[in-house]
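1. Quick one: sequence plus predicted model below, questions after.
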Amino acid sequence: MILFFSGTGNSRAVAKRLSRNLGDSLLEIDASMDMNIDASHDERIVWCFPVHAWDMPELVRDVLNRIQILSGEVLPHFMVATCGDDIGKTHLSWRAAMKKRKWNPVSAFSVIMPNTYVLLPGFDVDTAEVRERKLEQACGQVDKISRAIKCHSNIDNVTEGTAAWLKSRVLSPLFKAFLMSPRPFHATDKCIGCGKCMTICPMNNIDMLKQENHPIWHDKCTMCLGCYHVCPCHAVAYGKATRKKGQSYLSVSEANIVAGAT
């Protein structure tokens, strides 16, 4: 079984390719998922998710802490995290959470995908050339990971990046404390009221105002930025931080290439 969370399509595409290679079923992590899972007929459990602030997304951490998985304690668990550049010590946080549940974390991997974080100065989406190169390389990365998972390779093959401990242990908690508020989200005058931002939200955190037919954001947000990147009019904004920033939602054709779909 592959448990996956995806805000902008990167992790979904990777999870689908893993599913194709391994023959494992897919189950999406979101706010409405069933917290009682029967994995008694599965060979393993693969956790696939994007890295948020050099750590697991808050939604994934919450699900990992609360979910009840039948046979979860006897099955091998694997982590496949997607990132724009590096993951810091995310794999160690995942291993610690696994051990707290008395589950068996065998190995952890990372896959470099297109950048999606745009809320700080100096952070933006990749150029078209870099994006295309990352997507091409991701296919080979996922295939190698699939073979390692099949063999139960007891390794962590991840891109930690520079100053990994500082990023995950110091900067990440500060980031979550002061830069994770959904309050700056709003729709600009470009909004056409299509509702795509509401539909894609994994937390069911967005409603459409009936009179203006514009979205409003509530307080239950995992900051995946799916709403920002999926908007066809680039009408979703986060304060002034997203001015002149690009979008990076995986198109159907791009997702199919990574997933290995025809």
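-> Structure's in. What do you need?
2. Make sure residue 160 is actually in contact with residue 92.
-> No. Using C-beta atoms under 8 Å, residue 160 is not in contact with residue 92; the gap is 9.5 Å. (C-beta placed from N, C-alpha, C; glycine too.)
3. what are the ranges of the helices in the stretch 101-250 of the chain?
-> Remark: helices assigned in the stretch 101-250 of the chain by DSSP state H, counting those that start in this stretch are 128-150, 164-166, 172-178, 196-200, 226-230.
4. With respect to burial, which of those scores highest?
-> Of those, the one with the most neighbours on average (mean count of other C-beta atoms under 10 Å) is helix 226-230, at a mean of 23.
5. what does that helix contact?
-> Outside helix 226-230, the residues within contact range by C-beta atoms under 8 Å, 6 or more residues apart in numbering are 6-8, 116, 118, 185, 196-198, 200-202, 206, 215, 217, 236-238, 242, 247-249.
6. hmm, 6 Å instead?
-> 7-8, 196-197, 200-201, 236, 247-249 (C-beta atoms under 6 Å, 6 or more residues apart in numbering).
7. okay, among those residues, which ones form the most distant pair?
-> 201 and 248 (17.0 Å; C-beta to C-beta).
8. sorry, back to before: of the contacts of helix 226-230, which is the nearest to residue 172?
-> residue 7 (17.3 Å).
9. Quick check, that closest one in contact with residue 224.
-> Yes. Using C-beta atoms under 6 Å, residue 7 is in contact with residue 224, at 2.5 Å.
10. between those two, which one's more packed in?
-> residue 7 (27 against 24; other C-beta atoms under 10 Å).
11. Quick one: residues contacting the spatially most central residue of the chain.
-> Closest to where the C-alpha atoms of the chain average out (C-alpha atoms, centre = their mean) is residue 50, at 2.8 Å. The contact partners of residue 50, by C-beta under 6 Å, 6+ apart, come to 11, 82.
12. For it, name its beta-bridge partners.
-> Counting by DSSP bridges, residue 50 forms beta bridges with residue 82.
13. pLDDT wise, what is it at?
-> Predicted confidence (pLDDT) for residue 50: 98.
14. do residue 213 as well
-> Looking at residue 213, its pLDDT is 85.
15. Find the nearest non-adjacent residue to residue 113, please.
-> residue 10 (4.0 Å; C-beta to C-beta, 6 or more residues apart in numbering).
16. Surely residue 70 touches residue 36?
-> No. If you go by C-beta under 6 Å, residue 70 and residue 36 don't touch, sitting 7.8 Å apart.
17. quick one: which of these two has more around it?
-> Between residue 70 and residue 36, residue 70 has the larger neighbour count (other C-beta under 10 Å), namely 14 against 9.
18. partner residues bridging the more buried one?
-> Beta bridges link residue 70 to residue 38, judged by DSSP bridges.
19. ok, it - contacts?
-> Residues near residue 70 by C-beta under 6 Å, 6+ apart: 38-40.
20. Sort out which of these are buried, if you could.
-> residue 39 (16 or more other C-beta atoms under 10 Å).
21. residue boundaries of the strands in the stretch 51-200 of the chain?
-> Under the criterion DSSP state E, counting those that start in this stretch, the stretch 51-200 of the chain contains strands at 68-70, 76-83, 104-112, 156-157, 185-187.
22. Tell me which of those strands approaches residue 18 most closely.
-> Nearest of the strands of the stretch 51-200 of the chain to residue 18, taken as C-beta to C-beta: strand 76-83 at 6.5 Å.
23. Dump the strands of the stretch 51-200 of the chain into a markdown table; add distance to residue 140 as well.
-> Formatted as a markdown table, the strands of the stretch 51-200 of the chain follow (distance: least, C-beta to C-beta, whole Å):
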| stretch | distance to residue 140 |
| --- | --- |
| strand 68-70 | 31 |
| strand 76-83 | 14 |
| strand 104-112 | 10 |
| strand 156-157 | 13 |
| strand 185-187 | 36 |
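24. I'd like those as a markdown table, with distance to residue 60 and mean pLDDT appended.
-> A markdown table is the format used below for the strands of the stretch 51-200 of the chain (distance: least, C-beta to C-beta, whole Å; pLDDT from 0 to 100):
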| stretch | distance to residue 60 | mean pLDDT |
| --- | --- | --- |
| strand 68-70 | 14 | 97 |
| strand 76-83 | 10 | 98 |
| strand 104-112 | 13 | 98 |
| strand 156-157 | 18 | 96 |
| strand 185-187 | 21 | 96 |
